[in-house]
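S.K.: After the sequence you'll find the predicted model.
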Amino acid sequence: MATLTKKRKVALAKYDAKKVYSVAEAAKVVKEITTTKFDASVDLAIRLGVDPRKANQMVRGTVTLPHGTGKTMRVLALVTPDKEAEARAAGADYVGLDEFIEKIKGGWTDVDVIITMPSVMGKVGALGRILGPRGLMPNPKTGTVTMEIGKAVTDSKGGKIDFKVDKAGIVHAGIGKVSFDTNKLAENANELIQMIIKLKPSSAKGTYVKSATMSSTMSPGVTLDTKLFI
């Protein structure tokens, strides 16, 4: 087992791994125990009492974090020529159609979000094997297949994230950076938590939010008090 650095030991002494914390307390602790030289991402992992193999228990949605993610989102708009100006005006980093479809077929996926329109989903659908595993496949449910291209680009640039429960029943999502003010991290976290609660499937039985932790890229997880979520 790797020996802990002195800095890491001091950091870990600042919190109790057995304790549960409020969202605001956890945000403060995560900031204190992160010792990376870079501005680490802060993530939430929320374990839900659902069976993701059942379609009626799939938890998936989008949320706009009030303070953004701290990450510059690179947006590709796959649109017809009549929508290109709208996409560019809204701040899309890449705009076009056939040339980008060919680039993606060649292995290029250097973007964070892809937005498209219903009329070109036939072409985009053929990229599923490449985009699907990377979480880049546009989907009407997350607002990335739409005729409102400008709004979708603006939303993606402004802190809108999409999330879905994984095979283990856990939702993982980034809620900001360690450099964020504690209150901003807490407000972003609460926005995501409330959206997940709102999306509780009617078929889910028993405890819905089983556990939740907040952590940064290199910190241990700080356990949240899920009783405070409701």
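M.R.: Happy to help now that I have it.

S.K.: Please enumerate residues in contact with the longest helix seen in the chain?
M.R.: Longest helix in the chain, counting residues (DSSP state H): helix 182-198. Under the contact criterion C-beta atoms under 8 Å, 6 or more residues apart in numbering, helix 182-198 has outside partners 23-24, 26-28, 30-31, 42, 44, 46, 48, 59, 61, 63-67, 69, 161, 163, 171, 173, 175-176, 180, 208-209, 212, 214, 229-230. Yep, even glycine has a C-beta here, placed from its N, CA and C like the rest.

S.K.: could you redo the last one with a cut-off of 7 Å?
M.R.: Under the contact criterion C-beta atoms under 7 Å, 6 or more residues apart in numbering, helix 182-198 has outside partners 23-24, 27-28, 31, 42, 44, 46, 59, 61, 63, 65-67, 171, 173, 175-176, 214, 229.

S.K.: Excluding covalently adjacent residues, which one is nearest to K141?
M.R.: R60 (6.4 Å; C-beta to C-beta, 6 or more residues apart in numbering).

S.K.: What is the neighbour count of that neighbour?
M.R.: R60 is flanked by 14 other residues according to other C-beta atoms under 10 Å.

S.K.: For L185, give its distance to S202.
M.R.: Look at L185 and S202: by C-beta to C-beta, to the nearest Å, they are 31 Å apart.

S.K.: the more surrounded of the two?
M.R.: L185 (28 against 7).

S.K.: quick one on the thing from earlier: so what strands line up beside the helix or strand following the longest helix of the chain?
M.R.: Later in the chain than helix 182-198, the nearest helix or strand by DSSP states H and E is strand 209-216. Neighbouring strands of strand 209-216 in its sheet, by DSSP bridges, are strand 41-48 (antiparallel), strand 222-223 (antiparallel).

S.K.: on that earlier part again, report the rounded mean pLDDT for the longest helix of the chain.
M.R.: Across helix 182-198, the average pLDDT comes to 96.

S.K.: try stretch 152-162
M.R.: 89.

S.K.: for stretch 75-93, same thing?
M.R.: 97.

S.K.: For that stretch, buried residues please.
M.R.: By neighbour count on 16 or more other C-beta atoms under 10 Å, the buried set for stretch 75-93 is 75-79, 83-84, 86-88, 90, 92-93.
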